[in-house]
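K.L.:
build me a model:
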Amino acid sequence: MSVTDKLMHIINLLPEEVKLVLVTKHQPLESIKEAYDAGQRIMGENKVQDLISKQPKLPSDIEWHFIGHLQTNKVKFIAPFVKLIHSVDSLKLFREINKEAIKNNRIIDCLFEFHIAQEESKYGLSYNTVTEIIDCYEFKELKNIRICGVMGMASFTKDTSQIQEEFRKLRQIFDYLKTNYFAENDFFKEISMGMSDDFQIAIAEGSTIVRIGSAVFKNP
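P.N.:
The predicted structure follows:
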């Protein structure tokens with residue numbers, strides 16, 4: 001199957017309200033352009049150097065999402081154009097994104113990245129840390145970032161009940177934050193969870209954004 005065929009297959013599996021971020025990690029420009037020509041406009045990268053290399057060479061109406069671990073010293077390279085940063089995991093990083101957003105006269109959309117998996121190697125915040133961040137005065141003064149929801153990665157396991165439980169936990173966290181902190185904010189609406197191997201479980205648990213790459217790009 002071609003990239004176009006596989007992309008259409010995935011899109012047909014998604015409810016209308018769920019957004020697809022096509023993960024372009026390790027993909028050549030030709031493959032990304034094929035997906036673009038098939039109608040895909042939201043792309044995601046997990047390394048800054050790859051993102052800033054690809055972005056100028058591809059159509060300007062692509063909406064770029066950053067989905068990997070982001071170091072503070074790399075924020076300045078993507079701040080001029082990135083649409084949504086999924087993986088914000090510290091107040092220090094929020095502070096840096098806000099600073100670079102001011103320089104570029106932008107408001108940058110962000111998600112809280114939560115650690116929901118069993119693997120310690122995965123990044124993300126705890127629930128208690130996030131509420132501490134939200135409650136602190138400094139965070140409230142960051143006017144050039146906009147918190148649009150939450151993101152998380154499930155454990156790498158074949159145990160679907162565990163994956164389901166982890167996604168359900170993230171949905172519950174989202175619901176609590178929405179009710180208690182962001183009830184008046186219409187833009188706080190995103191739950192970014194689900195990748196090529198588990199996106200259907202994620203959708204069943206309330207995902208609004210899935211991040212899929214290998215199911216579209218990888219040869220069978």
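K.L.:
ok, now which ones touch Ala204?
P.N.:
Taking C-beta atoms under 8 Å, 6 or more residues apart in numbering, we find Ala204 in contact with Gln164. C-beta: built from backbone N, CA, C; applies to glycine.
K.L.:
so how far is Leu13 from it?
P.N.:
Going from Ala204 to Leu13 by C-beta to C-beta, to the nearest Å gives 12 Å.
K.L.:
name the residues contacting each of those two.
P.N.:
Shared contacts of Ala204 and Leu13 (C-beta under 8 Å, 6+ apart): none.
K.L.:
shouldn't Thr131 be within a helix?
P.N.:
Yes: per DSSP: H, G, I helix; E, B strand; the rest coil, Thr131 lies within a helix segment.
K.L.:
burial of it, as a residue count?
P.N.:
For Thr131, the count of nearby residues is 15 (other C-beta atoms under 10 Å).
K.L.:
and it, how far from Ala183?
P.N.:
For Thr131, the distance to Ala183 equals 15 Å [C-beta to C-beta].
K.L.:
now stretch 184-201: mean pLDDT?
P.N.:
Averaged over stretch 184-201, pLDDT sits at 96.
K.L.:
what packs against the helix or strand hosting Ile10?
P.N.:
Using DSSP states H and E, Ile10 sits within helix 3-13. Judged by 3 or more C-beta pairs under 8 Å, 6 or more residues apart in numbering; DSSP states H and E, helix 3-13 is in contact with strand 19-23, helix 29-37, helix 214-217.
K.L.:
ok, now with 10 Å
P.N.:
Judged by 3 or more C-beta pairs under 10 Å, 6 or more residues apart in numbering; DSSP states H and E, the packing partners of helix 3-13 are strand 19-23, helix 29-37, helix 199-204, strand 209-212, helix 214-217.
K.L.:
need those in JSON lines (columns: distance to Glu63).
P.N.:
Below are the helices and strands packed on helix 3-13 laid out as JSON lines (distance: least, C-beta to C-beta, whole Å):
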{"stretch": "strand 19-23", "distance to Glu63": "9"}
{"stretch": "helix 29-37", "distance to Glu63": "11"}
{"stretch": "helix 199-204", "distance to Glu63": "19"}
{"stretch": "strand 209-212", "distance to Glu63": "12"}
{"stretch": "helix 214-217", "distance to Glu63": "17"}
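K.L.:
pLDDT below threshold where in the chain?
P.N.:
For the chain, the stretches flagged by pLDDT under 70 are 121, 219-220.
K.L.:
next secondary structure after the top helix by length along it?
P.N.:
If you go by DSSP state H, the chain has its longest helix at helix 160-180. Once the chain leaves helix 160-180, the next helix or strand it forms, by DSSP H and E, is strand 190-192.
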